[in-house]
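K.L.:
Okay, sequence plus prediction incoming.
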Amino acid sequence: MMQMNNERASAPAHSPKLAATEGVLIDGRYAVRREIASGGMGTIYEAENTALCELVAVKLLNEDVREQPAIVERLRIEGRTLAAVRHPNIVSVRDMRTCPKLGPYLVLDLLVGRSLDGLLTSRRRLTADEVVWLGHTLAQALSVVHAKRLVHRDLKPANIFIAREPGTNLERAVLLDFGVAFQETPDGLGRRLTHLGEIVGTPEYLPPEILLEHKAPTTGTDIFSLAVVLYECLTGDVPFPGSLAAVSTGWLRDPKPAAMGRADVPMALERVILNALSRDISSRPKSVLEFGEQLIRAMGYKPVTQNLLDGLTPKVEADGESRRIHQRAGYLAPMRITSAEGACDGRTEDISEGGALVIGGQRPPEDTEVSVRFPLPISGAVVSIQARAKWCRTRRGTHAVGIEFLDLPETARSEIARYVAALSRPSMA
């Protein structure tokens, strides 16, 4: 049976990150609507700025770490860093304050779309045009970061977001999470939060001079990490997968060719990416802008803005019939899936009247009936309904599950339809 109540997604029963109920404000300014995503250190919520009546994203530290000075300082450095590197392809910070009850927080632009990590989990690989567009776009954004003598140092698909402007078909790649950004010199923003020799970042995306020699991060660290991301977009895997030890051992061999089995990947593009993955720092591009231009030259043309989220629209077959009945829209929110084998938590990547795409958690048996619990996209009200796990794909240990709603009530169906329509409506400008 379907249930709808006045619980808020900001405080689902399985993830009580924020002790909030409907109408509770953060710092007297931001009314929480629902949880968007959570991690080990912080949780991001959709909230309404009550003074301006606009939606924003609020990043709060989790209760178990908000009293730790190093974690608090890291959040503050992230806020100051984002304020210094404003760019269309970098998430924008609007405010940074401390709530007497809930601790320090950042107010960020609310983005609508999907993470690159989620896209790769469901699609596995991107086209060469998409990869070059993505690489060139991110190189432009990173050049602004590097101009401030800052290093992101945690570039990976989970920290890259493909956002679509509501009511348009315009998409942009956006860099997220500057929580471990590194200042190359002591003059400037913030301070170093780690000691030399301490590895910060995700090993599979870090160069050997960081993993093996424990050198300080440089702008070249980001160039290498971006090359790893692009390699993964082309092949479906990172060049050196595994644990820290496995990645370190992997440096004894060359990565597999990125163009293997890909007729659409020019050899020149493969060479550019593999060159940026060189063990020899001096052999890599001298700047991120140079790397971006090398990607363009390798294709022989500059790809126009890509539509990576086009998969959200119904697919029309040759006979004119649509194989996908319902229009979908990007929607990030926690979802709990309960089957006969137990419960697991993941996140939605998109939603429609007919179902949702869920990333993470465990892999439920395909074509089995399950119960799903998630917040609705406009009201934030949490619903529990019966559904079916139609299919599942696995990429590097992460699952993408196609969920079909079985008993979605009219009130919930109408809300989802209004949300999708608002994001899909062509611009009238």
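P.N.:
Here it is on my side, so go on.

K.L.:
shaky segments in the protein?
P.N.:
1-23, 167, 185-199, 242-253, 258-261, 310-324, 361, 424-429 (pLDDT under 70).

K.L.:
how about the helices in it?
P.N.:
For the chain, helices defined by DSSP state H occupy the ranges 69-84, 116-123, 128-147, 208-211, 219-235, 244-250, 267-276, 288-299, 410-424.

K.L.:
Summarise which helices and strands the longest strand along the chain is packed against.
P.N.:
Taking DSSP state E as the criterion, the chain has its longest strand at strand 381-395. Packed against strand 381-395, as judged by 3 or more CB pairs under 8 Å, 6 or more residues apart in numbering; DSSP states H and E, are the following elements: strand 3-8, helix 116-123, strand 368-375, strand 398-405. No exception for glycine: its C-beta is placed from N, CA and C like everyone else's.

K.L.:
Name every strand pairing with that strand and say which way it goes.
P.N.:
strand 3-8 (antiparallel), strand 368-375 (antiparallel), strand 398-405 (antiparallel) (DSSP bridges).

K.L.:
quick one: that strand to helix 219-235, angle?
P.N.:
On the basis of axes from the mean of the first three to the mean of the last three CA atoms, to 10 degrees, strand 381-395 is oriented at 80 degrees to helix 219-235.

K.L.:
list the buried ones in strand 381-395?
P.N.:
Going by neighbour count (16 or more other CB atoms under 10 Å), the buried part of strand 381-395 is Ala381, Val382, Val383, Ser384, Ile385, Ala387, Arg388, Ala389, Cys392, Arg395.

K.L.:
do stretch 416-423 as well
P.N.:
Using 16+ other CB under 10 Å as the test for burial, stretch 416-423 gives Ile416, Tyr419, Val420, Leu423.

K.L.:
Now do the longest strand of the chain: distance to the chain's middle.
P.N.:
20 Å (CA atoms, centre = their mean, to the nearest Å).

K.L.:
now swap in stretch 206-213 and tell me
P.N.:
For stretch 206-213, the distance to the chain centre is 24 Å (CA atoms, centre = their mean).

K.L.:
give me the beta-bridge partners of Pro334?
P.N.:
Arg347.

K.L.:
number of nearby residues for it?
P.N.:
By other CB atoms under 10 Å, 26 other residues sit near Pro334.

K.L.:
hang on, the earlier thing: of the helices of the chain, flag the one that's most buried.
P.N.:
helix 219-235 (a mean of 24; mean count of other CB atoms under 10 Å).

K.L.:
list the helices and strands that helix packs on?
P.N.:
helix 116-123, helix 128-147, strand 150-151, helix 267-276, helix 288-299.

K.L.:
is it possible to export those to a markdown table including distance to Pro207?
P.N.:
Shown next, in a markdown table, are the helices and strands packed on helix 219-235 (distance: least, CB to CB, whole Å):
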| stretch | distance to Pro207 |
| --- | --- |
| helix 116-123 | 20 |
| helix 128-147 | 15 |
| strand 150-151 | 12 |
| helix 267-276 | 10 |
| helix 288-299 | 13 |
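
K.L.:
Glu349 is nearest to which of these?
P.N.:
For Glu349, the closest of those is helix 116-123, at 4.2 Å, according to CB to CB.

K.L.:
Just want the angle from that closest one to strand 398-405.
P.N.:
Going by the same axes, to 10 degrees, helix 116-123 makes 70 degrees with strand 398-405.

K.L.:
Between helix 128-147 and helix 116-123, find me the angle.
P.N.:
170 degrees.

K.L.:
Can you pull out the residues in contact with helix 116-123?
P.N.:
126, 134, 156-158, 160-162, 173, 229, 232-233, 236, 308, 311, 347, 349, 357, 359, 393, 395, 398-400 (CB atoms under 8 Å, 6 or more residues apart in numbering).

K.L.:
export the buried residues of strand 381-395 to JSON lines and tack on distance to Leu408?
P.N.:
Formatted as JSON lines, those follow (distance: CB to CB, whole Å):
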{"residue": "Ala381", "distance to Leu408": "13"}
{"residue": "Val382", "distance to Leu408": "14"}
{"residue": "Val383", "distance to Leu408": "8"}
{"residue": "Ser384", "distance to Leu408": "11"}
{"residue": "Ile385", "distance to Leu408": "6"}
{"residue": "Ala387", "distance to Leu408": "9"}
{"residue": "Arg388", "distance to Leu408": "12"}
{"residue": "Ala389", "distance to Leu408": "16"}
{"residue": "Cys392", "distance to Leu408": "21"}
{"residue": "Arg395", "distance to Leu408": "28"}
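
K.L.:
Looking at those, which is nearest Ile337?
P.N.:
Closest to Ile337 out of these is Ala389 (7.2 Å), distances taken as CB to CB.

K.L.:
Look up how far Leu332 lies from the closest residue in space to Ser371 that isn't next to it in sequence.
P.N.:
Closest residue to Ser371 apart from its sequence neighbours, by CB to CB, 6 or more residues apart in numbering: Thr338 at 4.4 Å. As defined by CB to CB, to the nearest Å, Thr338 lies at a distance of 20 Å from Leu332.

K.L.:
Just give me the neighbour total for Ser283.
P.N.:
Residues near Ser283, counting by other CB under 10 Å, number 10.

K.L.:
Revised request: answer the last question for Gly28.
P.N.:
10.

K.L.:
List the buried residues for stretch 89-103?
P.N.:
Quick answer for stretch 89-103 (16+ other CB under 10 Å): Asn89, Ile90, Val91, Val93, Arg94, Asp95, Met96, Cys99, Leu102, Gly103.

K.L.:
got a list of what the spatially closest residue to the fourth one that is not a sequence neighbour touches?
P.N.:
The spatial neighbour of Val93 that comes closest, neighbours along the chain excluded (CB to CB, 6+ apart), is Leu82 at 3.9 Å. When the contact criterion is CB under 8 Å, 6+ apart, the partners of Leu82 are Ile90, Val91, Ser92, Val93, Leu106, Leu108, Phe178.

K.L.:
which residues sit in contact with the fourth one?
P.N.:
For Val93, the set of contacting residues under the criterion of CB under 8 Å, 6+ apart consists of Gly79, Leu82, Ala83, Leu106, Val107, Leu108.

K.L.:
Let me have the residues you listed in a markdown table, extended by distance to Ile210.
P.N.:
Shown next, in a markdown table, are the contacts of Val93 (distance: CB to CB, whole Å):
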| residue | distance to Ile210 |
| --- | --- |
| Gly79 | 25 |
| Leu82 | 23 |
| Ala83 | 27 |
| Leu106 | 27 |
| Val107 | 32 |
| Leu108 | 28 |
